[in-house]
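Asks: Sharing a sequence plus its predicted fold:
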Amino acid sequence: MTGPTKSAAPRATRQQLVEQLNRELLNQSTMAPGSKLPSERQLAERFGISRPVVREVLRQMQERGLVDIEPGRGAFVRAVGALDAARVADGLYRRGQATARHLVDARDVLESRAAALAAEEALDHDIAAMERALVWFDNASGVLERAQADLAFHSLVARASHNPIIELMFGSITRFVFELMLRSLDDPAVARKGIPHHRQILAAVKARDTATAERIMSEHILLAKKTYGGDLDEPLDTLARRRMGELFDSGALDDLIATALHRFDEPEGARLLTP
């Protein structure tokens, strides 16, 4: 008489595997960024499907930016951050013919509230990082580097709100924000009025003065409405091309933004919108 046979693993469809892995990757208590996924063989056995199907699913997840696949080592959970959100949203916003006015209005709603929350929630390392961003801004050479420092400061304000939805929302518009900052910093009239706001916002955050932080940030963002003239209703695509010319392509733009967003990550403990 033979003993009991080992039951086969329940057979899953490709879609069920994708959904299960998505759930696990989005649950940071289960799979934190940098964690290694089970091997192809282990996943195949667990889901009762072939290794080629597992390989195809992992490749799809890599294309979506959820995992990094390292030959000979396996698949690892990828940290998703600001530039990922920006890449997804960028095409949608541009197809919608978003203008500088649209962006200014959206930033006013988002960043004014972020500044108020930062005044309530910012930790010491958040404030120290904002200070360093403004030192970088003051010492920057040229409009490009100043725009990087400007973006870093605004990103740090969003991070200091300690509201992950605000961080993600700001992350989705970082390309547009950077392009608009190039327009503002290249215009002496705008720069002269807008640059002092940075220190005023930081002072309000330090003083835990939510009303002043919110008010100054709003004045800072809405300055464009008083100074951009006809540019305010130009599609952002047109405005960006005219201002940036052939300075850099999309990849170079991403590099500049990533440098700004990551500059204060280490070693001093400041945590930015994690691209």
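Replies: Cool, the structure landed.

Asks: As a check, name the ranges of all strands in this protein.
Replies: Remark: strands assigned in the chain by DSSP state E are 67-70, 74-77.

Asks: show me where pLDDT drops low in the stretch 1-150 of the chain?
Replies: 1-12, 14, 22, 24-31, 63-65, 79-96 (pLDDT under 70).

Asks: Please, where are all the helices along it?
Replies: Here the stretch 1-150 of the chain has its helices, by DSSP state H, counting those that start in this stretch, at 14-26, 40-47, 51-63, 82-95, 100-121, 124-139, 143-160.

Asks: what angle separates the longest one from helix 143-160?
Replies: Per axes from the mean of the first three to the mean of the last three Cα atoms, to 10 degrees, the angle that helix 100-121 makes with helix 143-160 is 50 degrees.

Asks: repeat for the third one
Replies: Inter-element angle recorded for helix 51-63 and helix 143-160: 110 degrees (by the same axes, to 10 degrees).

Asks: next one: helix 51-63 to chain centre, how far?
Replies: 26 Å (Cα atoms, centre = their mean, to the nearest Å).

Asks: cool, and the last one?
Replies: From the chain centre to the centre of helix 143-160 is a distance of 12 Å (Cα atoms, centre = their mean).

Asks: Remind me what that helix packs against, helices and strands.
Replies: Packing partners of helix 143-160 (3 or more Cβ pairs under 8 Å, 6 or more residues apart in numbering; DSSP states H and E): helix 100-121, helix 124-139, helix 164-172, helix 174-185, helix 188-206, helix 250-262. All C-beta spots, glycine's among them, are computed from the backbone N, C-alpha and C.

Asks: ranking these by burial, who's on top?
Replies: Highest mean neighbour count of these: helix 174-185, a mean of 23 (counted as mean count of other Cβ atoms under 10 Å).

Asks: hey, C-alpha coordinates of that one in CSV?
Replies: C-alpha atoms of helix 174-185 as CSV (Å, rounded to 0.1, in the frame of the first residue of the first chain):
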residue,chain,number,x,y,z
THR,A,174,8.8,67.7,-10.6
ARG,A,175,9.7,68.0,-14.3
PHE,A,176,7.2,70.8,-14.9
VAL,A,177,8.3,72.5,-11.7
PHE,A,178,11.9,72.4,-12.7
GLU,A,179,11.1,73.8,-16.2
LEU,A,180,9.1,76.6,-14.6
MET,A,181,11.9,77.4,-12.2
LEU,A,182,14.3,77.8,-15.1
ARG,A,183,11.8,80.3,-16.6
SER,A,184,11.6,82.2,-13.3
LEU,A,185,15.3,82.2,-12.4
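
Asks: and that helix, average pLDDT?
Replies: Mean pLDDT, helix 174-185: 89.

Asks: so that helix versus helix 250-262, what angle?
Replies: 90 degrees.

Asks: Helix 174-185 to helix 124-139, inter-axis angle?
Replies: Angle of helix 174-185 versus helix 124-139, following the same axes, to 10 degrees, is 40 degrees.

Asks: Remind me what helix 174-185 packs against, helices and strands.
Replies: helix 82-95, helix 100-121, helix 143-160, helix 188-206, helix 210-227, helix 236-244, helix 250-262.
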